[in-house]
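Student: show me the folded form of this:
(one chain, ligands or ions: 1)
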Amino acid sequence: MPESNPKFYYPSTDVVERANVQEYEELYKRSIEDREGFWAEQAEQLDWYKRWDKVLDESNKPFYKWFVGGKTNIIQNAIDRHLTGANRNKLAIIWESESGTTQSFSYYALNREVCQFANILKSMGIKKGDIVTIYMPQLPEMVFAMLACAKIGAVHSVVYGGFSYEALASRISAANSRILITADGGSRRGKKINLKEIADEAMKRSPTIEVCITVKHNNLDVNMEAERDFWYHDLKSLPIASPKCKTTILDAEDKLFILYTSGTTGAPKGMVHTHGGYSVYTSTTHKMAFDIKPEDRWWCAADPGWITGHSYIVYAPLINGSTIIMYEGAPNYPYPNRWWQMVEKYGVNILYTSPTAIRGLMRFGDQWAERHDLSTLRLLGSVGEPINPEAWRWFYDVIGNGKCPIIDTWWQTETGGFMVCPLPITPLKPGSAGQPFFGNEIGVVDEEGNQVPVGQEGKLVIKNPWPGMARTVMGDDQRYADLYWSDYKEQGYYTAGDSAKIDEDGYIWVIGRMDEVLKVSGYRLGTSEIESALVSHPSVSEAAAIGLPHELKGHGIYTYVILNEGVTGDKVLQKELQEHVGSELGKIAQPEKVTFVESLPKTRSGKIMRRVLRARALGLDEGDLSTLEE
Ligand code: PRX
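Tutor: Have a look, this model is predicted:
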């Protein structure tokens, strides 16, 4: 009888026998001893218009450059090179809506769509380096829009479709975008959400927008303003939208996209990623960790509006010539077997998702999965937050039938791609993301930067540059250097903001964020953003937000509010404040609870001591209170 909770889970022989990477230790050693050689070898597997002169330029740390002198465009590898070979008529994208409508695009068809979109953008005066904001539900056109920007050297800034108009407006303004691409709606749980209405509100606050292109999806009645608003299908029928467009030749270090993410303080920061290094890093990690084969059907069940979607719905799978599954809808709507239906219908081979989604489906019981033939699955994946062993085992046993390794990938918006993850051939430990990916030295260190002993908690650092790293925070090089590279300046370490432990086998166990960042259903939110949203309500004087463990979401948001003089806190106001945060930031940021308080624990310098709030809420020891103001 198999052990009920073994220390290691070993991959099945057929997975191991076919794996792209057959051995970890030796190759890892080689990738560290000759990092540049390793990455050059990977880069050689892609097409370049001109080969690079130098793999890594370290002359201006921490502003590293990769494949310097190389000429490329991510589209050359994601689309163009597939058009001449066997992939030309292969399916690139299979898209399905919640209600079951489907669309599919071969690489040939994808190219036509992207060329048309690119020509439309060009006709609107979009040039290399311009930032185009995209605010859409998970539709094929969202991917076309992203790829079209890349093709002509424009930079996309995708704002997740669940964000509010405030969040959208601030990102448009920060990027100085002239063009916004949106849709008349998305669907979730049978409800139609009118995204164009939200976009209209955002545009009222964003004077830089000159043109808004709207994709018709829901047939909703929307307001179209003359000279500003255009339907995508109208533009597509004009002669400007020719299906032929030459891909712009770019430098490896030219910007591909910016993507906003939350941090400790201040407004979300736009992380900048580039064409060359990002192409190499995402495609290599995807191919090696997820063992991508030409015939695979790959489903990354994230939203393209987040880094997981950028890297592993869109770019890496296309570079690797995969067939991508996209699903616009909730995992459990109309029934908790919606995903398993998709897996069976399309014969999905690899499913990559989040602990939140797994926990959310697990609670409905095994029977929903058992109704379906999931035998095509070969590998499973997890990302976004630490996965609890119980959810891991359910995913492994019930969905993977005990034969699919779970690739638990630790990484961040800033890293572009996987930093710590198992390979299909490595033994697994439920809850641990395993060992560093090739080329990376990962440390768990104390305040001085010394490795902490086995089993002890420390700061997770990356000791080296890697090709997929974000190059800067848009418009703020200093912030980039300060936020990520200043804790261990002497050693040159990158601090991730996570705490972790390393065990006796060298496996890394990520514990969670050390800063004031919450992971709610895998989404990253700063406590400061939630607090600002609360304070923007006329009844609120001060606010504090903390994350507390939540069975499904990982973290739930709990808030403490001091009201203005004369305002009484009651249930109605509580609800109003919850909804206010939801409408300011987006539904994902809506607090579980609003508690009215007379004062907040603060340091003498006026900083809210969230650790004290957390300890109190959990009934734990409040720790050192010596810095607490009277
Ligand atoms: O705390 C870590 C957690 O998510 C953070 C990065 O969030 P974001 O930039 O939104 O990117 C999420 C998708 C890559 C990390 O600092 N995190 C991500 N993956 C894992 C994880 N924590 C534990 N295990 C993971 N596999």
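Student: return the helix or strand in this protein with minimum mean pLDDT.
Tutor: In the chain, no helix or strand scores lower on mean pLDDT, DSSP states H and E than strand 186-188, which sits at a mean of 86.
Student: packing partners of it?
Tutor: strand 191-193 (3 or more C-beta pairs under 8 Å, 6 or more residues apart in numbering; DSSP states H and E). The way it works is simple: take the backbone N, C-alpha and C, and place the C-beta from them, glycine included.
Student: who touches the strand it packs on?
Tutor: Strand 191-193 is touched from outside by 137, 185-187, 218, 220, with contacts defined as C-beta atoms under 8 Å, 6 or more residues apart in numbering.
Student: which among these gets closest to Lys54?
Tutor: Among these, Pro137 lies closest to Lys54 (C-beta to C-beta), at 41.6 Å.
Student: wasn't the closest one part of a strand?
Tutor: No - counting by DSSP: H, G, I helix; E, B strand; the rest coil, one finds Pro137 to be coil, located in no strand.
Student: tell me how far it lies from the ligand.
Tutor: Pro137 sits 19 Å away from the ligand, going by C-beta to the nearest ligand atom, to the nearest Å.
Student: ok so, going back, of the contacts of strand 191-193, keep whichever come out buried.
Tutor: Buried by 16 or more other C-beta atoms under 10 Å: 137, 185-187, 218, out of the contacts of strand 191-193.
Student: which of the residues you listed sits closest to Lys246?
Tutor: Nearest to Lys246 among the buried ones among the contacts of strand 191-193 is Pro137, at 30.1 Å by C-beta to C-beta.
Student: in contact with the closest one, which residues are there?
Tutor: By C-beta under 8 Å, 6+ apart, Pro137 lies in contact with 161, 183, 185-187, 193, 195, 217, 328.
Student: apply 6 Å and report the result again.
Tutor: 161, 183, 186, 328 (C-beta atoms under 6 Å, 6 or more residues apart in numbering).
Student: and the strands in the stretch 51-200 of the chain, which stretches?
Tutor: 54-57, 65-68, 71-72, 91-97, 102-106, 131-134, 155-158, 179-183, 186-188, 191-193 (DSSP state E, counting those that start in this stretch).
Student: including distance to the ligand, could those strands go into a markdown table?
Tutor: A markdown table is the format used below for those (distance: least, C-beta to the nearest ligand atom, whole Å):
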| stretch | distance to the ligand |
| --- | --- |
| strand 54-57 | 23 |
| strand 65-68 | 20 |
| strand 71-72 | 24 |
| strand 91-97 | 21 |
| strand 102-106 | 26 |
| strand 131-134 | 18 |
| strand 155-158 | 13 |
| strand 179-183 | 22 |
| strand 186-188 | 20 |
| strand 191-193 | 22 |
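Student: quick one: closest of those strands to Asp570.
Tutor: For these, distance to Asp570 was read as C-beta to C-beta. The smallest value, 29.2 Å, belongs to strand 191-193.
Student: go through the closest one and flag the buried ones.
Tutor: Of the residues in strand 191-193, Ile193 count as buried by neighbour count, 16+ other C-beta under 10 Å.
Student: and what of stretch 480-490?
Tutor: Applying 16+ other C-beta under 10 Å to stretch 480-490 flags 480-481, 483-485, 487-488 as buried.
Student: among the strands of the stretch 51-200 of the chain, show the one with the smallest mean pLDDT.
Tutor: Lowest mean pLDDT within those: strand 186-188, a mean of 86.
Student: identify all contacting residues around the least confident helix or strand of the chain.
Tutor: For strand 186-188, the surrounding residues in contact (C-beta under 6 Å, 6+ apart) are 98, 137, 161, 193, 195, 330.
Student: get me the contact residues on the chain for the ligand.
Tutor: Within the chain, the positions lying close to the ligand (C-beta under 6 Å from any ligand atom) are 261, 307-308, 383-386, 408-413, 433, 496-498, 510, 512-513, 519, 524.
Student: just the ones in strands from these, please.
Tutor: 261, 408, 496-498, 510, 512-513, 519, 524 (DSSP state E).
Student: mind putting these into a markdown table with pLDDT, distance to Lys553 and neighbour count?
Tutor: Below are these laid out as a markdown table (pLDDT from 0 to 100; distance: C-beta to C-beta, whole Å; neighbours: other C-beta atoms under 10 Å):
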| residue | pLDDT | distance to Lys553 | neighbour count |
| --- | --- | --- | --- |
| Thr261 | 92 | 18 | 19 |
| Asp408 | 98 | 18 | 27 |
| Ala496 | 96 | 22 | 24 |
| Gly497 | 93 | 20 | 19 |
| Asp498 | 95 | 18 | 20 |
| Val510 | 95 | 17 | 21 |
| Gly512 | 89 | 13 | 16 |
| Arg513 | 88 | 14 | 19 |
| Lys519 | 90 | 8 | 20 |
| Arg524 | 89 | 13 | 21 |
